[in-house]
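Colleague: have a look; sequence and predicted model below, questions after that.
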Amino acid sequence: MASGLTRGREDWLASLEAASGTGAPLPGARELVSSSWWRARSTGLDPDRVLPPVLVDSCDLRTRRAEHPLAAVLPTARRLLLDEPLGVPVLMAISDVDGTLLWVEGDPALRRAADRMAFTEGARWSEDVAGTNAPGTALALGRPVRVRQGEHYSTAVAGWSCSAAPVRDPLTGQILGVLDLTGGDDLGRERALEFVRAAVGAVEGELRVAAIRRRLVPGLTTTPTARLTVLGASPTLEHGGVTRPMSLRHSEILVLLRSGPEGGQSAAHLAADLDDRELAPVSVRAEIHRLRAVLAERTQGALDLSPAPYRLLGDLRCDVLDLREALRAGQLRAAVRAWTGAVLPGSDAPGIRDLREELTLELRTAVLEGDDDTALLEFSRTPAGREDTVVAHDLVRRIAPGEPGRAEAVARFERLQPRRSQR
């Protein structure tokens, strides 16, 4: 189909000089594609030189994300679209109403390839600057669109396929942006478009519920959710599109409160979770006082701490809890990919050590007892799984000869054999 359409495009472009008017059908193309190509051609776009501009820098991108209404439903979109629901590698992209890509997430190899054609966060993919493509054409037409390989106007994008649908404000009906799945040829098929439509329905439903709550509760306003990141790297707190480092002690307290009992924790309980030695409760109270000031400044009052027993007030997401949610939902690949390292690796607090060990064991048990071979293979590449002889043995047993990952599994198993015999 792609090669035939490419020949048709060449004939069509060659005939433009002699054409007395515009609008002649593109040979071999659907009407939607033919009309879109004419719109792109009328703007002067050269299909061999189309390169969508990257108009938004990282600072402006953070601000746009924080202020955009679709930021509130991003977790739902990720959950529905990013765990390879179609059995193939995918990218999920979300644009604003101007076609600027605010989020591009998914398969790492696809992301690297997409970056080379400027399908990246901050780039504008509206039809007037990028030609025919699912996000841009969905915006232009105001309806769901699928575009397969050679149907793209830009020659550089002819190897990709995508399906996209607009997301509308539940109260006004105005388009807020576009939800898109991009990847290989499967992502340009009708079943992929149906899946995107269903995901859009889910996020629009979530927006509708939020709008109803605002009407029912006078004065209720939405505030950007804060996010604490403590897996692997140095701890950070993100709020309002701004990410700042957090001290180790403050991060320990936030993790313990966020994962602890809903009724809160006393200063004595926190002291025991923070230090093996006799840490005085008065020291905890002083640290809580300092943490309150930090949260007030960095979240503009969105987060606070209650008086003792101490509880976290406000909506704080945490990568540790997101990972556990993925595990409990059976989303093993999403969980493994979210696990970027140990919980606060620089911490020696007893409560954090326990959580670190529990999370590692929980993830390891889930992939070993689950039936997702890809999740197990990806876990074997992590620091916790790389030297694990049980994981290596299970991979060799589960991945049949000729299947992807078999050679890697056998090599790891053979490397660990001497260590097994020494034990």
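Modeller: Perfect, thanks for sending it.

Colleague: now do the buried residues in stretch 277-288.
Modeller: Within stretch 277-288, the residues that count as buried by 16 or more other Cβ atoms under 10 Å are Leu279, Val284, Glu287, Ile288. From N, CA and C alone the C-beta is placed, and that goes for glycine too.

Colleague: from these, which one has the minimum pLDDT?
Modeller: Note: of the buried residues of stretch 277-288, the lowest pLDDT belongs to Leu279, at 83.

Colleague: so the closest residue to that one other than its chain neighbours is in which element?
Modeller: With Cβ to Cβ, 6 or more residues apart in numbering as the measure, Ala271 is the residue that lies nearest to Leu279, at 4.2 Å, once sequence neighbours are left out. Taking DSSP states H and E as the definition, Ala271 sits inside helix 267-274.

Colleague: could I get the buried residue list for that helix?
Modeller: Neighbour counts over helix 267-274 (16+ other Cβ under 10 Å) mark Ala267, His269, Leu270, Ala271, Ala272, Asp273, Leu274 as buried.

Colleague: do the same with stretch 155-164
Modeller: By neighbour count, with 16+ other Cβ under 10 Å as the criterion, the buried positions of stretch 155-164 are Thr155, Ala156, Val157, Ala158, Trp160, Ser161, Cys162, Ser163, Ala164.

Colleague: ok, now stretch 393-403?
Modeller: Neighbour-count burial for stretch 393-403, counted by 16+ other Cβ under 10 Å, picks out His393, Asp394, Leu395, Arg398, Ile399.

Colleague: using JSON lines, lay out the buried residues of stretch 155-164 together with pLDDT, secondary structure and distance to Asp57.
Modeller: Formatted as JSON lines, the buried residues of stretch 155-164 follow (pLDDT from 0 to 100; DSSP: H, G, I helix; E, B strand; the rest coil; distance: Cβ to Cβ, whole Å):
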{"residue": "Thr155", "pLDDT": "85", "secondary structure": "helix", "distance to Asp57": "28"}
{"residue": "Ala156", "pLDDT": "88", "secondary structure": "helix", "distance to Asp57": "23"}
{"residue": "Val157", "pLDDT": "88", "secondary structure": "helix", "distance to Asp57": "24"}
{"residue": "Ala158", "pLDDT": "85", "secondary structure": "coil", "distance to Asp57": "29"}
{"residue": "Trp160", "pLDDT": "92", "secondary structure": "coil", "distance to Asp57": "25"}
{"residue": "Ser161", "pLDDT": "92", "secondary structure": "strand", "distance to Asp57": "30"}
{"residue": "Cys162", "pLDDT": "93", "secondary structure": "strand", "distance to Asp57": "25"}
{"residue": "Ser163", "pLDDT": "94", "secondary structure": "strand", "distance to Asp57": "29"}
{"residue": "Ala164", "pLDDT": "95", "secondary structure": "strand", "distance to Asp57": "25"}
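
Colleague: after the helix holding Ala271 comes which helix or strand?
Modeller: Per DSSP H and E, the first helix or strand lying C-terminal to helix 267-274 is helix 281-299.

Colleague: what's the helix or strand following that following helix packed up against?
Modeller: Scanning forward in sequence from helix 281-299, with DSSP H and E defining helices and strands, the next element found is strand 304-305. The elements that strand 304-305 packs onto, with contact taken as 3 or more Cβ pairs under 8 Å, 6 or more residues apart in numbering; DSSP states H and E, are helix 281-299, strand 312-313.

Colleague: mind putting these into a markdown table with distance to Pro245?
Modeller: Putting those into a markdown table (distance: least, Cβ to Cβ, whole Å) gives the following:
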| stretch | distance to Pro245 |
| --- | --- |
| helix 281-299 | 10 |
| strand 312-313 | 19 |
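
Colleague: among the ones you listed, which gets the worst mean confidence?
Modeller: Lowest mean pLDDT within those: strand 312-313, at a mean of 84.

Colleague: would you point out which residue is most central in the protein?
Modeller: Glu105 (4.5 Å; Cα atoms, centre = their mean).

Colleague: grab the nearest non-local neighbour of it.
Modeller: Met92 (5.4 Å).

Colleague: so how far is Asp372 from that neighbour?
Modeller: Note on Met92: its distance to Asp372, by Cβ to Cβ, to the nearest Å, is 19 Å.

Colleague: likewise Gly159?
Modeller: With distances taken as Cβ to Cβ, Gly159 is found 28 Å from Asp372.

Colleague: helix, strand, or coil at the residue nearest to Glu105?
Modeller: Applying DSSP: H, G, I helix; E, B strand; the rest coil to Met92 yields a three-state assignment of strand.

Colleague: show the contacting residues for it.
Modeller: For Met92, the set of contacting residues under the criterion of Cβ atoms under 8 Å, 6 or more residues apart in numbering consists of Ala77, Arg78, Leu81, Leu82, Trp103, Val104, Glu105, Gly106, Leu179, Asp180, Leu181, Thr182.

Colleague: okay then, goodbye and thanks.
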